[in-house]
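A.B. asks: Need a 3D model of the sequence below.
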Amino acid sequence: LQFLYFIGSMRKCVFALGNPGRIHATQKHNAGQIVLSRVIADLGLEVKERKSGLYAKAGNDVWQGVLERKGFEQWKKLDLTFDDTYLVLCPSYMNLSGGPAKSWVSKRLEGDWSRMLVVHDELDLPLGTLKMRGLRPIDLAATGHNGVKNVSIASHNAPYCRLRVGVGRGRPLAQLDAFAMNLIQGNHDRYLLACLLFASSLPLDRTLTAVNTVP
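C.D. replies: The predicted structure is shown next:
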């Protein structure tokens, strides 16, 4: 019944975790923001700033334009509609991500965490891979990701979706070299499609299948 959360016209938010400052810009922990920044650039959106983060906004016309421009033929046939979607780069350090995330949910999503997609790095996935998790509470005792943990604490463990960007094992804060950056950014059409389907009227279970079955 997860798809019931996504029926009808509403605003949604794609919220990328990371750490601020140039020194962190190309570190593994910033993979989520690296990915979302590329999506925003691909969409050609104007980036604005507020206290709770840099953001851009994509409406139905923007997403429809992506379908036409990218030639996602499989999805063009479904006559999808799209919600207004905020694409947000979290301004705080990873372990303080919950405050800004809660601000967006409270002020823009009517307090509905099910309309939030959190994008973050994932050590347990190979470099450059992508997986989406549906609406499920986080096991706070088990998760080793401080950003996800802090967002879940702020949401009182309300379920939200996650887009996990694989960075592989190794030193968690290791700098991504040129090869790694190219591998992550080389999948930008996949990241773009994941955001597009999340913003769409497609039921969530079908979105998860579409994102997670691509090699």
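A.B. asks: how far away is Phe72 from Trp63?
C.D. replies: For Phe72, the distance to Trp63 equals 10 Å [C-beta to C-beta, to the nearest Å]. All C-beta atoms are positioned from the backbone trio N, CA, C, and that covers glycine.
A.B. asks: How about Asn95?
C.D. replies: Per C-beta to C-beta, Asn95 is found 33 Å from Trp63.
A.B. asks: Those two: which has the busier surroundings?
C.D. replies: Taking neighbours as other C-beta atoms under 10 Å, Asn95 and Trp63 compare with Trp63 leading, 23 against 13.
A.B. asks: Take stretch 118-134, keep the C-alpha atoms, and write them as PDB.
C.D. replies: The C-alpha trace of stretch 118-134 is given here as PDB (Å, rounded to 0.1, in the frame of the first residue of the first chain):
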ATOM      1  CA  VAL A 118      17.100  11.500   1.100                       C
ATOM      2  CA  VAL A 119      20.100  11.000  -1.100                       C
ATOM      3  CA  HIS A 120      23.300   9.800   0.600                       C
ATOM      4  CA  ASP A 121      26.500   7.900   0.200                       C
ATOM      5  CA  GLU A 122      26.500   4.100   0.900                       C
ATOM      6  CA  LEU A 123      29.700   2.200   1.800                       C
ATOM      7  CA  ASP A 124      28.000  -1.100   1.400                       C
ATOM      8  CA  LEU A 125      27.300  -0.600  -2.300                       C
ATOM      9  CA  PRO A 126      30.000  -0.800  -5.000                       C
ATOM     10  CA  LEU A 127      31.300   2.500  -6.300                       C
ATOM     11  CA  GLY A 128      28.900   4.200  -8.800                       C
ATOM     12  CA  THR A 129      25.900   1.900  -8.100                       C
ATOM     13  CA  LEU A 130      22.500   3.200  -7.100                       C
ATOM     14  CA  LYS A 131      19.700   1.700  -5.000                       C
ATOM     15  CA  MET A 132      16.400   3.100  -3.700                       C
ATOM     16  CA  ARG A 133      14.800   2.200  -0.400                       C
ATOM     17  CA  GLY A 134      11.100   2.600   0.000                       C
END
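A.B. asks: hmm, back to that, overlap in contacts, Phe72 and Trp63.
C.D. replies: Leu196 (C-beta atoms under 8 Å, 6 or more residues apart in numbering).
A.B. asks: Assumed Tyr55 was part of a strand.
C.D. replies: Yes. Tyr55: assigned to a strand according to DSSP: H, G, I helix; E, B strand; the rest coil.
A.B. asks: bridging residues for it?
C.D. replies: Lys48, Val88 (DSSP bridges).
A.B. asks: While we're on it, how confident is the model there?
C.D. replies: Looking at Tyr55, its pLDDT reads 96.
A.B. asks: contacting residues around it?
C.D. replies: Val47, Lys48, Glu49, Tyr86, Leu87, Val88, Leu89.
A.B. asks: can you give me phi and psi for the fourth one?
C.D. replies: Tyr86 adopts backbone torsions of phi -90, psi 130, taken as degrees, to the nearest 10.
A.B. asks: now it, nearest residue through space, not along the chain?
C.D. replies: Nearest residue to Tyr86, sequence neighbours excluded (C-beta to C-beta, 6 or more residues apart in numbering): Cys13, at 4.5 Å.
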